[in-house]
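S.K.: Show me how the following folds:
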Amino acid sequence: MKQLVERKGKDLPIKLRVTPGLFDHSGTWAAGIRQAIEQGYIAMDASLLSDGTVYLSTFVEEGYMGDEDGFGVEPDDYLVGTVAPDGTFITPLHIS
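M.R.: Purely as a prediction, here's the structure:
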């Protein structure tokens, strides 16, 4: 947490160890999640919010490409969550 305070509003890249149940709320097995499980960790950006909580986010899968006119384009998938100052999840990791 101290490193986030010292960064003054800038994201801090972290590695979050994969534990049982970490991705239970993600609702998908995006490529980035499968890779994290294989590696044993997931690289995320941590941002300290004004209320002292930490917002975590990382890109996990590119959206589907549409046709030549742009129809059917899907947004990219990001895994996000919020952690309390004591390290417990307020909002579990989920796809946004």
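
S.K.: Tell me the spacing between the closest residue to Val60 other than its chain neighbours and Ser47.
M.R.: Excluding the flanking residues, the one nearest Val60 by CB to CB, 6 or more residues apart in numbering is Gly32, at 3.1 Å. No exception for glycine: its C-beta is placed from N, CA and C like everyone else's. Distance, Gly32 to Ser47, by CB to CB, to the nearest Å: 18 Å.

S.K.: neighbour count winner among the two?
M.R.: Gly32 (21 against 17; other CB atoms under 10 Å).

S.K.: From Asp51, how far out is that one?
M.R.: 27 Å.

S.K.: Assign a three-state SS to the closest residue to Asp11 other than its chain neighbours, would you?
M.R.: The spatial neighbour of Asp11 that comes closest, neighbours along the chain excluded (CB to CB, 6+ apart), is Asp45 at 4.1 Å. Under the three-state scheme (DSSP: H, G, I helix; E, B strand; the rest coil), Asp45 adopts strand.

S.K.: show me the contacts for Asp45.
M.R.: Taking CB atoms under 8 Å, 6 or more residues apart in numbering, we find Asp45 in contact with Asp11, Leu12, Pro13, Ile14, Leu56, Ser57, Thr58.
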